[in-house]
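1. the following comprises the amino acid sequence and a computationally predicted model.
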Amino acid sequence: CYPSIAHLIQNHYSARFNVHQGSCSGILSARILEYHRQKSLLYQITIARALDTGNDGDQPLPHAATFVSDLVATLPGVAKDHAD
């Protein structure tokens with residue numbers, strides 16, 4: 001059931017913001033990570049460590065949602081704010 005609901009949400013999001021559905025997956029993934037940050041903190045730390053390429057340990061590790069959002073923002077046609 002969850003994949004079909006996620007697909008429906010992505011279709012609506014894609015139509016609303018005129019972006020490719022794959023981009024919607026990334027945008028929504030970042031929002032879901034942010035929403036569930038406290039309950040999945042240990043997993044998100046693992047994700048953040050895997051995606052961190054420039055931190056030498058001197059800086060606090062950004063949240064996983066930040067990494068995913070930054071990656072999504074580099075996709076063509078997604079470099080706009082989707083605050084709605």
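-> Everything's here; your move. Numbering: from 1, shown residues only.

2. what sits against the residue positioned nearest the centre of the chain?
-> The centre of the chain sits closest to Ala30, judged by CA atoms, centre = their mean, with a distance of 2.2 Å. Taking CB atoms under 8 Å, 6 or more residues apart in numbering, we find Ala30 in contact with 65-66, 68-69, 72. For glycine as for every other residue, the C-beta is placed from the backbone atoms N, C-alpha and C.

3. how about the helix or strand hosting Glu34 as PDB, C-alpha atoms only?
-> Here Glu34 sits within helix 21-35, counting by DSSP states H and E. Extracted in PDB, the C-alpha atoms of helix 21-35 (Å, rounded to 0.1, in the frame of the first residue of the first chain):
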ATOM      1  CA  GLN A  21       8.700  12.500 -10.700                       C
ATOM      2  CA  GLY A  22      12.200  11.200  -9.900                       C
ATOM      3  CA  SER A  23      13.000  14.700  -8.600                       C
ATOM      4  CA  CYS A  24       9.900  14.600  -6.500                       C
ATOM      5  CA  SER A  25      11.200  11.400  -4.900                       C
ATOM      6  CA  GLY A  26      14.300  13.200  -3.700                       C
ATOM      7  CA  ILE A  27      12.400  16.300  -2.500                       C
ATOM      8  CA  LEU A  28       9.900  14.200  -0.600                       C
ATOM      9  CA  SER A  29      12.600  11.900   0.800                       C
ATOM     10  CA  ALA A  30      14.300  14.900   2.400                       C
ATOM     11  CA  ARG A  31      11.100  16.100   3.900                       C
ATOM     12  CA  ILE A  32      10.300  12.600   5.300                       C
ATOM     13  CA  LEU A  33      13.800  12.400   6.700                       C
ATOM     14  CA  GLU A  34      13.300  15.700   8.400                       C
ATOM     15  CA  TYR A  35       9.900  14.800   9.800                       C
END
